[in-house]
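1. Sequence first, then the predicted structure, then my questions.
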Amino acid sequence: QSSFTLASTFSIMTSLYPSHHGMKTVFLDTLPDNVLTLAQALKNNNYNTFFVGPTQDNQLPLDKGFERGFDEIIQSEDGSGWQEGVDRMNKNTSLNKKTFLVLHTYAVHDPYVTGYTKHPYTSDNYPDIALTSDEYFAFTDDFYKMALKEFQERIAASDTPESKQYNREIYQNLIGAKTLKDAETYFVSLPEYEKYSLYFNRYFAHIDKNDPKQVAYIRALYDERIKQLDERMSGLLRLLSTQEVSRKTMVVITADHGEEFMEHGNFVHGINAYNTVTTVPLIVMLPDRKKITITSPVQNIDIFPSILDALGIPPSKQAEGKSFIPLAGGNPNIADWINVLIHKDCPIKEFKNIRAARCADWGLYENTDTGVTELYDLRADPGELINVADKHTDIVTRLRNVIHQKLDTGAKNPPAFPPWLDEKKRKKIINEGYF
């Protein structure tokens with residue numbers, strides 16, 4: 001439903017478009033009390049519910065609604081806690097208790113730190129591009145100088161007294177450190193949102209985005225991270241493959257967004273809503289179901305109602321998605337079964353606000369900041385490179401009407417930022433904000 005984690009993940013968990021669940025801005029938005037989450041729906045039907053993932057992540061805020069309905073939350077930054085979650089589920093299965101288990105990972109995410117392995121997809125080597133977490137987070141003398149310059153710029157750009165004082169305190173503590181190690185100790189203690197852009201910018205400063213070989217190298221590292229996760233998933237699925245568990249278990253594997261490698265002039269995600277950043281895998285395993293490939297486009301908001309449908313639980317009245325389970329039992333190639341809506345909405349005026357509708361054949365993108373409309377023929381141009389909006393005004397009108405019908409009802413206006421967040425920092429939080 002979006003190309004960034006906060007909005008898209010809450011769409012999965014609520015079956016609501018981002019404009020309706022309202023979770024679009026980190027720090028500020030809180031899920032309305034009357035919105036039911038998937039975990040709550042299953043808990044209400046006597047499921048024991050677990051979340052295994054990061055507990056200090058502002059994209060999955062455990063104090064603003066993501067925690068609702070989970071009986072237990074298990075800390076796991078890199079999938080290390082998955083085994084504990086699976087053990088809980090297997091124990092419940094042996095006791096004939098119903099379980100809902102969510103396993104989360106950022107393994108396939110920037111930075112693409114694969115480790116020093118024999119890279120299966122590239123033979124190139126760029127020593128300045130970090131391959132390990134230690135390299136990515138290294139607090140070198142150059143990084144220290146970079147941090148000092150950054151906070152000097154933040155002081156100058158601060159547009160409130162609170163923000164200016166806040167950034168000045170950070171700068172003074174850094175410049176006043178007696179040793180590089182002391183400066184590192186203080187810097188590491190800062191909130192993640194203060195540090196993220198510095199690490200991120202240093203990493204990508206070593207990548208020449210105009211060099212096709214380097215772009216291909218970064219893509220190869222990303223592919224390697226996918227392979228590494230596949231191997232981990234293979235082991236996980238073996239744990240679920242015992243007859244007692246597999247005959248009672250539904251497995252859903254998906255993602256909240258994709259990734260871009262200069263196809264539209266950018267790296268990573270969150271900047272636009274093209275196929276590259278909004279098309280994600282969706283693999284569903286159901287007991288006693290034959291393998292089938294569904295080519296009709298479905299949405300993140302369809303996952304919630306599909307799980308309830310498969311489990312025989314009445315649908316949630318709030319759901320804006322619909323179950324795709326019938327597709328698995330009928331014609332999996334129903335043309336234009338549903339329009340796929342992507343809503344990228346941020347309160348910073350310079351940042352792209354994109355509303356989009358996609359169906360099997362067409363992709364429409366409206367930039368509400370610039371007024372630019374783009375239409376792509378997905379059959380002839382799956383890479384979305386040739387804008388044909390002027391040639392197919394009837395398609396533009398039809399998909400635009402879908403956007404207005406689906407997204408303009410009940411839209412929630414973003415609240416104001418707190419005064420200590422100056423404009424520059426707001427842009428960083430929105431544009432680069434992974435924590």
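-> Thanks, I have the structure now.
2. contacts and neighbour counts: CA atoms only from here.
-> Noted.
3. Quick check: residue 284 touching residue 251?
-> Yes - between residue 284 and residue 251 there is a contact at 5.7 Å, judged by C-alpha atoms under 8 Å.
4. would you list every one of the helices in the stretch 201-350 of the chain?
-> Listed in chain order, the helices of the stretch 201-350 of the chain (DSSP state H, counting those that start in this stretch) span 212-239, 243-246, 275-278, 303-311, 325-329.
5. distance of the residue lying closest to residue 180 once chain neighbours are set aside from residue 183?
-> Closest residue to residue 180 apart from its sequence neighbours, by C-alpha to C-alpha, 6 or more residues apart in numbering: residue 141 at 7.2 Å. According to C-alpha to C-alpha, to the nearest Å, residue 141 and residue 183 sit 10 Å apart.
6. could you check the distance from residue 288 over to residue 43?
-> Applying C-alpha to C-alpha to residue 288 and residue 43 gives a distance of 25 Å.
7. same deal with residue 230?
-> Residue 230 is 30 Å from residue 43, by C-alpha to C-alpha.
8. what about those two, which has more around it?
-> residue 43 (19 against 12; other C-alpha atoms under 10 Å).
9. Residue 36 is in contact with the more buried one, correct?
-> No - between residue 43 and residue 36 there is no contact under C-alpha under 8 Å: 11.0 Å.
10. Residue 223 is in contact with residue 112, correct?
-> No - with contact defined as C-alpha under 8 Å, residue 112 does not count as touching residue 223 (9.1 Å).
11. higher neighbour count, the two?
-> Remark: of residue 112 and residue 223, residue 112 carries more neighbours, 24 against 19, as counted by other C-alpha under 10 Å.
12. Looking at residue 141 and residue 183, which is more packed in?
-> residue 183 (17 against 12).
13. Now do residue 236 against residue 87, distance only.
-> Shown here: residue 236 relative to residue 87, a distance of 11 Å by C-alpha to C-alpha.
14. typo on my end, residue 312
-> 25 Å.
15. Over to residue 298?
-> Residue 298 is 32 Å from residue 87, by C-alpha to C-alpha.
16. I'd guessed residue 31 sits against residue 23; true?
-> Yes - counting by C-alpha under 8 Å, residue 23 is a contact partner of residue 31 at 6.4 Å.
17. Who has more neighbours out of these two?
-> Neighbours per residue (other C-alpha under 10 Å) separate residue 31 from residue 23, with residue 23 holding more: 27 against 20.
18. show me the contacts for that one.
-> Contact partners of residue 23, counting by C-alpha atoms under 8 Å, 6 or more residues apart in numbering, are 6-7, 10, 29-31.
19. So between residue 312 and residue 87, which is more surrounded?
-> residue 87 (13 against 9).
20. tell me the secondary structure for the more buried one?
-> helix (DSSP: H, G, I helix; E, B strand; the rest coil).
21. unless I'm mixing things up, residue 299 is touching residue 2, no?
-> No - with contact defined as C-alpha under 8 Å, residue 299 does not reach residue 2; the gap is 10.3 Å.
22. Can you flag the residue of the protein lying furthest from its geometric centre?
-> Largest separation from the mean C-alpha position in the chain: residue 178, at 39.4 Å (C-alpha atoms, centre = their mean).
23. In stretch 251-267, which residues are buried?
-> 255-262, 267 (16 or more other C-alpha atoms under 10 Å).
24. for stretch 224-231, same thing?
-> Those buried within stretch 224-231 under the rule 16+ other C-alpha under 10 Å are 224-226, 229.
25. Other residues contacting it?
-> 107-108, 112-114, 119-121.
26. for stretch 172-181, same thing?
-> In contact with stretch 172-181 (C-alpha under 8 Å, 6+ apart) are residues 140-141, 144, 148, 183, 186-187.
27. same question, stretch 238-254
-> Contacts for stretch 238-254 (C-alpha under 8 Å, 6+ apart): 86, 90, 93-94, 280-288.
28. tell me which of those is nearest to residue 395?
-> residue 280 (24.5 Å; C-alpha to C-alpha).
29. Residue 255 is in contact with the closest one, correct?
-> Yes - if you go by C-alpha under 8 Å, residue 280 and residue 255 touch, sitting 5.8 Å apart.
30. Include distance to residue 241 when you put the buried residues of stretch 224-231 into TSV, please.
-> Listed next are those as TSV, based on distance: C-alpha to C-alpha, whole Å:
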residue	distance to residue 241
224	25
225	24
226	22
229	18
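31. closest to residue 152 among those residues?
-> Looking across those and measuring by C-alpha to C-alpha, the closest to residue 152 is residue 225, at 35.9 Å.
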